[in-house]
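Peer 1: Need a 3D model of the sequence below.
(one chain, ligands or ions: 2)
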Amino acid sequence: MDRTDSQHVAQVLVTCPPMQRAIARYQAILEKNRIEATCPEMVQELSESELIAMLKDYDGWIIGDDPATERVFRAGTNGRLRAAVKWGVGVDNVDFDGAKACGLHVQNTPGMFGDEVADVAMGYVIALARHTFEINHGVHQGQWPKPTGLSLRGTTAAVLGLGDIGQATVRRLLVSGVKPLVYDPNAQTPVDLQNQVERLEWPRRIGEADFLIVCCAMNAANRGLINADLLRQCKRGVRIVNVSRGPLIDESALCDALASGQVQSAALEVFEREPLPSDSPLRQFQHCLFGSHNASNTAEAVDRTTHKAVALLVEQLKQPSR
Ligand SMILES: NC(=O)C1=CN([C@@H]2O[C@H](COP(=O)(O)OP(=O)(O)OC[C@H]3O[C@@H](n4cnc5c(N)ncnc54)[C@H](O)[C@@H]3O)[C@@H](O)[C@H]2O)C=CC1
Ligand SMILES: O=C(O)C(=O)COP(=O)(O)O
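Peer 2: Residues are numbered from 1 along each chain as shown. Ligands and ions are numbered 1, 2, ... in the order given. Predicted coordinates for the structure are as follows:
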């Protein structure tokens with residue numbers, strides 16, 4: 001590709017680390033569509049001011065977990081920006097109204113990670129029930145721990161969210177003999193799960209659950225939904241798994257509940273702030289299992305999603321300029 005032919009080569013900023021890592025495999029399709037991708041060095045996301053400084057020089061943006069605010073879109077569209085795709089499912093970081101006000105129609109890639117994230121959720125359920133991570137830690141330290149576990153069969157799990165990930169998680173729970181109580185005001189129950197799950201209005205009968213599994217989308221209305229009041233309504237010794245978004249749980253309330261034993265243990269894949277700050281109070285709890293917002297990261301899922309994101313980007317760039 002002639003990089004000097006800027007009239008015909010669309011410049012695209014990729015601020016999504018998983019896609020950055022996969023980009024080499026997409027060089028041919030990008031070149032065929034006369035797209036040149038730039039991948040700035042980053043850990044999890046860029047700041048609003050960094051994006052404002054950069055975006056005006058790009059025709060397209062593949063958004064990761066960055067603050068995709070109206071100010072950022074405005075800075076971009078005051079320059080050349082005319083296409084924007086959110087790599088992945090969660091769109092809690094995207095101001096769609098703000099984008100629309102700037103003439104941008106942002107698209108995401110829904111339905112990409114159901115099985116992958118549900119595998120991690122189920123792995124966490126088993127790890128919390130059987131103390132897998134404490135045993136691993138102890139053996140690494142030269143000990144031979146024998147904590148008594150909880151048999152999954154016959155237990156109950158409250159599943160918050162019955163979207164792609166929630167459905168895949170429920171299927172795994174059923175195989176293990178766990179009874180799902182499902183909370184989702186919008187999703188239809190898929191045919192194969194009808195008669196197998198109880199649909200309830202949040203948080204009815206939450207006190208029956210041995211596990212609380214958080215798999216719903218995050219929005220302005222459900223930030224901090226798992227708060228001190230809700231935790232008090234849970235069964236004493238409940239185990240909590242969060243694979244969707246950190247701010248759904250009030251971490252300070254969770255720390256109090258872990259300290260008092262109201263929550264027996266927690267497996268957190270996502271956090272209020274990512275990466276998890278070194279001084280996070282959560283770090284004092286040995287019975288808190290941490291992930292690194294990595295549940296979607298398999299080679300297959302990243303390829304599937306990158307393929308979709310590139311296809312959407314190419315389509316958007318083909319549209320006549322605003
Ligand atoms: N840990 C990770 O790497 C990943 C995390 N995610 C997160 O998981 C979320 C869910 O993903 P999918 O299931 O694929 O999305 P989805 O769009 O298929 O389903 C989300 C569901 O959440 C429900 N929901 C929203 N607010 C709710 C509430 N207050 N109570 C109960 N249900 C509620 C919606 O009705 C919808 O059915 C994403 O929005 C994203 O934030 C997604 C992919 C990977
Ligand atoms: O798709 C999502 O919402 C995810 O959380 C996974 O993607 P991410 O690693 O957050 O860019």
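Peer 1: Stretch 162-174 and ligand 2 in contact?
Peer 2: No: taking C-beta under 6 Å from any ligand atom as the criterion, stretch 162-174 and ligand 2 are apart, separated by no less than 9.4 Å. For the C-beta atoms, the positions are set from N, CA and C on the backbone; glycine is no exception.
Peer 1: Identify the residues contacting that stretch?
Peer 2: Contacts of stretch 162-174 with the rest of the structure, by C-beta atoms under 8 Å, 6 or more residues apart in numbering, involve 89, 110-115, 117-119, 121-122, 125, 157, 159-160, 179-180, 182-184, 187, 189-190, 192-193, 196-197, 199, 213, 215-217, 243-244.
Peer 1: cool, stretch 31-38 as well?
Peer 2: By C-beta under 8 Å, 6+ apart, stretch 31-38 touches 1, 3, 8-14, 23, 26, 30, 58, 60, 62, 313-314, 317.
Peer 1: Let's see which of these end up in helices.
Peer 2: Leu30, Leu313, Val314, Leu317 (DSSP state H).
Peer 1: residues in the stretch 51-200 of the chain within reach of ligand 2, list them.
Peer 2: Gly64, Asp65, Trp87, Gly88, Val89, Gly90, Phe113.
Peer 1: thinking again about what came up before, closest to ligand 2 among the ones in helices among the contacts of stretch 31-38?
Peer 2: Checking those against ligand 2 by C-beta to the nearest ligand atom gives Leu313 as the nearest, at 15.5 Å.
Peer 1: Surely the closest one touches Arg82?
Peer 2: No: applying C-beta atoms under 8 Å as the test, Leu313 and Arg82 come out as separate, 10.7 Å apart.
Peer 1: Between those two, point out the one with more neighbours.
Peer 2: Leu313 (26 against 22; other C-beta atoms under 10 Å).
Peer 1: Which neighbours do Leu313 and Arg82 have in common?
Peer 2: Gly60.
Peer 1: Intersect the contacts of stretch 162-174 with the contacts of ligand 1.
Peer 2: Okay, of the contacts of stretch 162-174 touching ligand 1 (C-beta under 6 Å from any ligand atom), that's 89, 110, 113-114, 117, 160, 183-184, 187, 215-217, 243-244.
Peer 1: Please pick the buried ones from these.
Peer 2: Neighbour counting by 16 or more other C-beta atoms under 10 Å classes 89, 110, 113-114, 117, 160, 183-184, 187, 215-217, 243-244 among those as buried.
Peer 1: In helices, which of those fall?
Peer 2: Using DSSP H, these in helices are Gly114, Val117.
Peer 1: Considering the buried ones among the ones next to ligand 1 among the contacts of stretch 162-174, which is situated nearest to ligand 2?
Peer 2: Val89 (3.7 Å).
Peer 1: which residues does the closest one contact?
Peer 2: So Val89 contacts Asn108, Thr109, Pro110, Gly111, Met112, Phe113, Asp164, Ala217, Ser296 (C-beta under 8 Å, 6+ apart).
Peer 1: tell me, how many neighbours does the closest residue to Phe290 other than its chain neighbours end up with?
Peer 2: Counting by C-beta to C-beta, 6 or more residues apart in numbering, Phe290 lies nearest to Leu268, which is 5.9 Å off, once chain neighbours are set aside. Residues lying near Leu268 (other C-beta under 10 Å) number 23.
Peer 1: surely Leu268 meets Gly246?
Peer 2: Yes: here Leu268 reaches Gly246: they are 7.3 Å apart, a contact under C-beta under 8 Å.
Peer 1: Which residues does stretch 19-29 contact?
Peer 2: Stretch 19-29 is contacted by residues 14, 30, 37, 39, 42, 62, 64, 87, 302-303, 305-307, 309-310, 314 when judged by C-beta under 8 Å, 6+ apart.
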